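>>> with the input below, show me the fold.
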Amino acid sequence: MSNLMNSLTTELRRGTLTLAVLSQLRSPQYGYSLVQLLEHSGITIDQSTLYPLLRRLEKQELVTSSWDTTESRPRKYYVLSDYGMEVFVQLKQEWIKNSKELYGLLKGDEEDELD
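Numbering: from 1, shown residues only. The predicted structure follows:
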């Protein structure tokens, strides 16, 4: 059962990580700062998951990137594009709607378990 739970949990998290990352790119972030912001909110993400996700979001034109070479260590910053902001707002609304609907279903299950 643990393999099944791991698989289902991974599947459940996949879409939420995309939304979580987009939510933090309203201001420019580099990879490590993004990991820290997410972890501060209780969301853990491995760099091996984050960087491919950022590349995919950039390919989808939801984020743009630029290099900052002013410090001794160059950093690649990511930020939402205008299109990315539009998509983020729509995804956020969809997430809230779906969460409310799912909560209603799950709450009903809890009440059934108490009977």
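
>>> C-alpha only now, for contacts and for neighbours.
OK.

>>> quick one, strands of this structure?
Assigned by DSSP state E, the strands in the chain fall at 29-30, 63-68, 75-80.

>>> quick one, helices of the chain?
Along the chain, counting by DSSP state H, helices occupy 2-24, 31-40, 47-59, 82-114.

>>> show me what the closest residue to residue 57 other than its chain neighbours is bridged to.
Spatial nearest neighbour of residue 57, excluding adjacent residues (C-alpha to C-alpha, 6 or more residues apart in numbering): residue 63 at 5.8 Å. Bridge pairing for residue 63 (DSSP bridges) gives the partners residue 80.

>>> ok, residue 63 touching residue 53?
No: if you go by C-alpha atoms under 8 Å, residue 63 and residue 53 don't touch, sitting 10.7 Å apart.

>>> more neighbours, the two?
residue 63 (24 against 16; other C-alpha atoms under 10 Å).

>>> the more buried one and residue 107: what is the separation?
Note on residue 63: its distance to residue 107, by C-alpha to C-alpha, to the nearest Å, is 36 Å.

>>> how many neighbouring residues does residue 103 have?
The burial count for residue 103: 12, using other C-alpha under 10 Å.

>>> what's the burial count for the closest residue in space to residue 35 that isn't next to it in sequence?
For residue 35, ignoring the flanking residues on the chain, the nearest one in space by C-alpha to C-alpha, 6+ apart is residue 45 at 6.5 Å. Neighbourhood size, residue 45 [other C-alpha under 10 Å]: 15.

>>> swap in residue 25?
Using other C-alpha under 10 Å, residue 25 has 22 neighbouring residues.

>>> could you do the one 10 residues further on as well?
Using other C-alpha under 10 Å, the number of residues around residue 35 comes to 19.

>>> related to what we said a few turns ago, so which of the helices of the chain is nearest residue 74?
helix 31-40 (11.9 Å; C-alpha to C-alpha).

>>> what packs against the closest one?
With contacts defined as 3 or more C-alpha pairs under 8 Å, 6 or more residues apart in numbering; DSSP states H and E, helix 31-40 has these neighbours: helix 2-24, helix 47-59.

>>> can you say which of the ones you listed is nearest to residue 95?
helix 2-24 (8.6 Å).
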